[in-house]
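**Student:** My questions are about this predicted structure, shown below with the sequence.
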Amino acid sequence: MTHMTHELATRLLYGRLLLSFHKMGLEQGLDFFPTGAATYKGASLGAKQKQGDDGFLPCARTADQLPTLVIESGNGESLAQLHRNKDWWFDCSGPDEPRGDVKGLSARQGAPHPDEQDLD
């Protein structure tokens, strides 16, 4: 069962990203689609599958391609596990795909707030 803190962190980050996309002039349905928690199969890693907590897929891609932005919330997961999750997504994406990193989220005063520190 997913914990409420996990869902709050995911939804709040998703909302902030969505606002940022709109400020950049990107429109949902025209430039990108939200992927939700869709399951993806890693072509280079056999039958292993992975499900992010949320993500975004540019409209120029097909539905069977990996999203270009994936949200993985780690409430209850170790930092090492989050790095393994990140590595899976990067290993399965093409070599020309831009790379990102793991960002920290902390819960302060009962609500998650993004930390501006990298956890790599």
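**Tutor:** Structure's in. What do you need?
**Student:** what ranges do the helices span in the protein?
**Tutor:** Secondary structure of the chain, counting by DSSP state H: helices at 4-23, 79-92.
**Student:** Where among the ones you listed is average confidence lowest?
**Tutor:** Least confident of those, judged by mean pLDDT, is helix 79-92 with a mean of 82.
**Student:** quick one: buried residues of that one?
**Tutor:** If you call a residue buried by 16 or more other C-beta atoms under 10 Å, then helix 79-92 has these buried ones: 82, 85-86, 88-89, 92. Glycine gets a C-beta too; all of them are placed from N, C-alpha and C.
**Student:** Where does pLDDT dip in the protein?
**Tutor:** Applying pLDDT under 70 to the chain flags the ranges 1-2, 43-47, 94-95, 97-120.
**Student:** Give me the distance between the residue lying closest to E77 once chain neighbours are set aside and R16.
**Tutor:** Closest residue to E77 apart from its sequence neighbours, by C-beta to C-beta, 6 or more residues apart in numbering: N85 at 7.9 Å. Noted for N85: a distance of 20 Å to R16, by C-beta to C-beta, to the nearest Å.
**Student:** re earlier: and the residue nearest to E77, what does it touch?
**Tutor:** Contacts of N85 were listed using C-beta atoms under 8 Å, 6 or more residues apart in numbering, and they are 50, 72, 77.
**Student:** show me the contacts for the second one.
**Tutor:** Under the criterion of C-beta under 8 Å, 6+ apart, the neighbours of E72 are 52-53, 82, 85-86.
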